[in-house]
Every structure is written in C-alpha cells, then in structure tokens.
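Colleague: no FASTA, just this:
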Ligand code: BES
Ligand code: ZN
Ligand code: ZN
C-alpha cells in the first residue's frame, strides 16, 4: 500500500472515491452539486444510517459531466476505534474485489472533527491495509497484486501536510510489516523451517540491526538445552535468532521481545489428534510478530533500543524426538521434567527468556501461541495477557484501547505455582491438575524464568490465526500484536 497526497478537492474522472460520513452532510456539500447531494442524502438516510455497524455503499454520480464512482462509508454515531478499522477494512476489500490498482480517499477532517482527524484517518487506513491482504504466495496466478495498491489522499488542509505525510509514511510501514508477519504465519511448515525463518530475517536487510544466530549443536554449548531438545526430533534443526535494534546508542535502556517460533507443532511424542494439528504451521506467530516489529522499528528509525529473541524449532515425533518423562537442564539452571511434549512452547521460551534476562533489559515482552485453553477462554478476537508489574500492565491496556487490538488480563495466581513443581525435578511443564487454568499455568511456567524483570506475556493462540472471517483482520493470519506493541514501544520516553 502506497500513499500519494493530493492537495486539492477535485477528483479525476472515473476514479472511485472513498468518503466517510457519519450524519454530517457538510462535507458532501463541499464536493458535490445540489442534485448529487440530494441523491447521496437519500441513500444515506434510507439505508446506511439506520445501521449500528460500519458499512460501505457504491454509487455513481456525475461531476463536471463526468461519472464518478463514489464509495460512501458510514460509521455508527458513537463509533469506536474498532469501527474505524472495520470501515477501513471494508474499503480495502472493495479495492481488492474490484482489482483496483489505484483508489482515492478523501481525508475526513470535515466529518470527524478537526481534533482527531489524523488519528482517525490512520485507523481507517490501517483497516484498509488489513482488508487488502490476501495470501497468494502459492497461487500460480494471483488474482490481484494487493501489495502495490496506490491510494491517493485528497486533503484540503495544506498547513497540516507534514503531520499527514508522516502519518501516512507510518501507516505504509506498519502495513508492510504486518504483511511480512501474515505471510510468514500463513506459510506452510514444509516451506518455512527454522533455518528458512532465519534466512528471511537476514534478507529483510535490517540495516540498523545486528543479527546473530545460535544453531543446532551450538545451542547445547550455550546451555540452551530446552531449545535444543524440543527441536531434536526434526531434521530441520533448531536455532535461536537474536536481532538487536539499536536506535538510541546514547542509552543502555532496552526492551526485550521474545517470540515463540515453533514452525510446526505436531505435539511431538504426545501427538496432536486430527482437528487440532491442521493449523499448527501457525505456531510461529509470536516469532513472525517479533520480526515484523523489528522491521518496523528499523524502517521508521525509532529512537529506542529493542532486542529480539526468537527460539525456532520444529516439534516432531520420531526416533530422536524427546519423550514424556525426560528431564532437561534449562539455561537458567532449573531442571524441567517434561510431562507432555505438546507443552513445548513454554520450554523454548524459558531458555529464550533466560538469554534475554542475562542482557538486563528494562522490560521483557513475550508473544506466544501458547495454550489451547486461551482460545477456549477468550476466543479468537482477544488475546490473554499477564504482567508482573502494574504500570506495565496499564501501558499495555492503553495501547490496546488505542489500537483496537483486544487483550484481557489474567492473574499470575500464586497458589497455582505448586502445580508446576515436579516431584523429581525443579519444575514440570504441565499442571498436576489437567484441564484447569491452562493459560495461567503456561504463564506461571514462563514467570519462573524472568527473575525480577518487569515482564508481559501475551498468549496469542486465538488471535494469531483466525479461521472465521474477522471484521478487520479478515481470514487466516492476522498480524495481531504488531500495532499493539508498536504503539507501546512508541510511547516509551
Ligand atoms: N501450540 C499449542 C497451543 C495452541 C493451540 C495454539 C491452539 C494455537 C491454537 C501449544 O503448544 C499446545 O499444544 N499447548 C497444549 C498445552 C497442554 C499440553 C498443557 C494445549 O494447549 O493443549
Ligand atoms: Zn504444543
Ligand atoms: Zn505450540
């Protein structure tokens, strides 16, 4: 998605123009003649305005004797952040289904009020980015090259052009990072192994980042036995990918982001049954989200330091795979009894968290498709989150409200800690009471490895890949978390 600012208020012939309106007809009067305005008003009042949901409607008008296709978008009167994303999404889908390489978008300063128009437009266009997406890497003939769509932005506010253009630049970069993450998550496991994931990261040409990779036997040398062991069963060898973005060399402050990268989760020796295994190519969504954020910070030259720790494994069955009952010494020194090889995410994350902790970050954030229990509890529209620090939790909730990426906080309930104490090792990777509080247990396990570092854990098992069409993420990989964490990082300092 590319933007092109057009500093005037007339459109070229035959262009499809997108206009947002609530119940304010003033803007329409400014752009169209009386007769057209009447037509628009009738259409709006009859059909669109009676609805609580964002909607679009296509009509054809004549302006200066030339036809103009007009796409009207309406919002509920008391609209929320997610309504803007939903409306933008519909516009994106409209462009996609009409295979339009260019489209025009009228800045909505008049309709939505001067105060927030940049923010509102940003959300609308982010929604448009979501709506344009489709996964077509494996189509021999893709129906539409959505990545190259150009949107002409008509605006009448000249003096604010700098604000507008920097917002548009930000949206372009946000959307392209989301596309990188969505493509990776949608890519099947035969095409995306730990090694290929590392190559993808290297090919992104992150010129302001340093990348290091610890792989295969070297993991053992570094004491990263959990990562090594979970990946031991596959010929696609495990790795820990580290990406250091240093946007502020004057400061030692930094944030650590850890992303679960299981390129395929068969469940391992505790093999997943049919019905649960089909989508497990997406079990690296945390890793893809982390990489998307690295790309975004790099492209926008953000003045912060963020280090990424991405453990990558394929969790397979097989003669060299780990077994239930195995005891493994983690990087932290704590021993872990594996009672279920399908609770593998927490194992690889444990070692990655220990590496992060050693580098003394101010905050650690991890993202993981960690538990099926999270999907049961919160469904696919909302992620679970945990924090060991109230201020940090507050910031995450604020970013969630601002970006419309939904999260819900669950407690790190201390009394459940005993359920992951092993009889014969320091910890066990599943609870002694199966079927209870699975998402909290997963988080409590990770909590054992963060020491005193302020930490947030996001369980994105439900939100990362949405089979039923979501009103603004659409279908399949969502890219959930990129806008949320980018906003969080952007608020630092
Ligand atoms: N990758 C899964 C969690 C998952 C489930 C992600 C559904 C996305 C959709 C994870 O590794 C897993 O299998 N967890 C187990 C843990 C259990 C054995 C304690 C689960 O949730 O069943
Ligand atoms: Zn699993
Ligand atoms: Zn998993």
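Modeller: That came in fine, so what should we check first? This is a predicted model, so every value here is computed, not measured. Ligands and ions are numbered 1, 2, ... in the order given.
Colleague: quick one: contacts for the nearest residue to residue 266 once chain neighbours are set aside?
Modeller: Nearest non-adjacent residue to residue 266, counting by Cβ to Cβ, 6 or more residues apart in numbering: residue 316, 5.4 Å away. Using the backbone N, CA and C atoms, a C-beta is placed for each residue, glycine as well. Residues in contact with residue 316 (Cβ atoms under 8 Å, 6 or more residues apart in numbering) are 233-234, 264, 266, 268.
Colleague: Between these, identify the one with the most neighbours.
Modeller: residue 268 (26 neighbours; other Cβ atoms under 10 Å).
Colleague: who does the strand ranked longest in the chain touch, helix- and strand-wise?
Modeller: Counting residues, the longest strand found in the chain (DSSP state E) is strand 305-315. In terms of contacts (3 or more Cβ pairs under 8 Å, 6 or more residues apart in numbering; DSSP states H and E), strand 305-315 is packed against helix 194-203, helix 225-230, strand 239-246, strand 255-259, strand 261-265, helix 285-300, helix 345-358.
Colleague: how near is the residue nearest to residue 266 to residue 342?
Modeller: Using Cβ to Cβ, to the nearest Å, one gets 12 Å for the distance from residue 316 to residue 342.
Colleague: how close does residue 319 get to residue 263?
Modeller: For residue 319 relative to residue 263 (Cβ to Cβ), the value is 20 Å.
Colleague: In terms of neighbours, single out the busier of the two.
Modeller: Taking neighbours as other Cβ under 10 Å, residue 319 and residue 263 compare with residue 263 leading, 30 against 5.
Colleague: tell me the contacts of that one?
Modeller: Residue 263 touches 189, 192-194, 197, 236, 281, 283-284, 312-314, counting by Cβ under 8 Å, 6+ apart.
Colleague: Buried only: go through the residues you listed for me.
Modeller: 189, 192-194, 197, 236, 281, 283-284, 312-314 (16 or more other Cβ atoms under 10 Å).
Colleague: Make a markdown table from the helices and strands packed on strand 305-315 and add mean pLDDT and distance to residue 167 to it.
Modeller: Below are the helices and strands packed on strand 305-315 laid out as a markdown table (pLDDT from 0 to 100; distance: least, Cβ to Cβ, whole Å):
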| stretch | mean pLDDT | distance to residue 167 |
| --- | --- | --- |
| helix 194-203 | 98 | 28 |
| helix 225-230 | 98 | 40 |
| strand 239-246 | 98 | 22 |
| strand 255-259 | 99 | 24 |
| strand 261-265 | 99 | 32 |
| helix 285-300 | 98 | 12 |
| helix 345-358 | 99 | 32 |
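Colleague: could I get those as a markdown table with distance to residue 184?
Modeller: Output for the helices and strands packed on strand 305-315, formatted as a markdown table (distance: least, Cβ to Cβ, whole Å):
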| stretch | distance to residue 184 |
| --- | --- |
| helix 194-203 | 7 |
| helix 225-230 | 19 |
| strand 239-246 | 13 |
| strand 255-259 | 11 |
| strand 261-265 | 10 |
| helix 285-300 | 4 |
| helix 345-358 | 17 |
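Colleague: Out of those, which is closest to residue 458?
Modeller: helix 285-300 (8.0 Å; Cβ to Cβ).
Colleague: any idea of the angle the closest one forms with strand 255-259?
Modeller: 140 degrees (axes from the mean of the first three to the mean of the last three Cα atoms, to 10 degrees).
Colleague: What count of nearby residues applies to residue 7?
Modeller: When neighbours are counted by other Cβ under 10 Å, residue 7 comes out with 12.
Colleague: err, residue 116, not the other one
Modeller: Residues near residue 116, counting by other Cβ under 10 Å: 13.
Colleague: Distance check, it against residue 322.
Modeller: 53 Å.
Colleague: Spatially nearest residue to the residue in the chain that ligand 1 sits nearest to (excluding sequence neighbours)?
Modeller: For the chain, the residue closest to ligand 1 is residue 372, as judged by Cβ to the nearest ligand atom, at 3.2 Å. Distances taken as Cβ to Cβ, 6+ apart put residue 461 closest to residue 372, at 6.4 Å, once the chain neighbours are dropped.
Colleague: mind checking pLDDT for the one you found?
Modeller: Note on residue 461: pLDDT of 98.
Colleague: Just the element for it, please.
Modeller: Under the criterion DSSP states H and E, no helix or strand holds residue 461.
Colleague: before we move on, what about residue 214?
Modeller: strand 209-215.
Colleague: Tell me the first helix or strand C-terminal of that strand.
Modeller: Criterion used, DSSP H and E; the element after strand 209-215 is helix 217-221.
Colleague: who's in contact with that next one?
Modeller: Residues contacting helix 217-221 (Cβ under 8 Å, 6+ apart): 225, 227-228, 231, 238-240.
Colleague: which one of the residues you listed sits closest to ligand 3?
Modeller: Distances from ligand 3 to the contacts of helix 217-221, taken as Cβ to the ion, are shortest for residue 231 (12.5 Å).
Colleague: Name the nearest residue to the closest one, sequence neighbours excluded.
Modeller: Per Cβ to Cβ, 6+ apart, closest to residue 231 is residue 238, 2.7 Å.
Colleague: do residue 347 as well
Modeller: Nearest to residue 347 is residue 226, by Cβ to Cβ, 6+ apart, at 4.4 Å.
Colleague: What's the local residue count around residue 404?
Modeller: Neighbour tally, residue 404, other Cβ under 10 Å: 19.
Colleague: Quick check, it in contact with residue 86.
Modeller: No: using Cβ atoms under 8 Å, residue 404 is not in contact with residue 86, being 9.0 Å away.
Colleague: Overlap in contacts, those two.
Modeller: What both residue 404 and residue 86 touch, as defined by Cβ under 8 Å, 6+ apart, is the set residue 472.
Colleague: quick revisit: ligand 2 next: which of the buried ones among the contacts of residue 263 are close?
Modeller: By Cβ under 5 Å from the ion, no member of the buried ones among the contacts of residue 263 lies near ligand 2.
Colleague: Please give me every residue in contact with the spatially closest residue to residue 438 that is not a sequence neighbour.
Modeller: Nearest residue to residue 438, sequence neighbours excluded (Cβ to Cβ, 6+ apart): residue 373, at 2.9 Å. Residue 373 sits next to 437-439, 442 when contact means Cβ under 8 Å, 6+ apart.
Colleague: Dump the residues you listed to CSV, plus pLDDT and neighbour count.
Modeller: Formatted as CSV, these follow (pLDDT from 0 to 100; neighbours: other Cβ atoms under 10 Å):
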residue, pLDDT, neighbour count
437, 98, 19
438, 98, 21
439, 98, 22
442, 98, 28
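Colleague: So which of the residues you listed is the closest to ligand 3?
Modeller: Closest to ligand 3, out of all of these and judged by Cβ to the ion, is residue 442, at 10.1 Å.
Colleague: For residue 459, give its distance to residue 373.
Modeller: Taking Cβ to Cβ, one finds residue 459 at 9 Å from residue 373.
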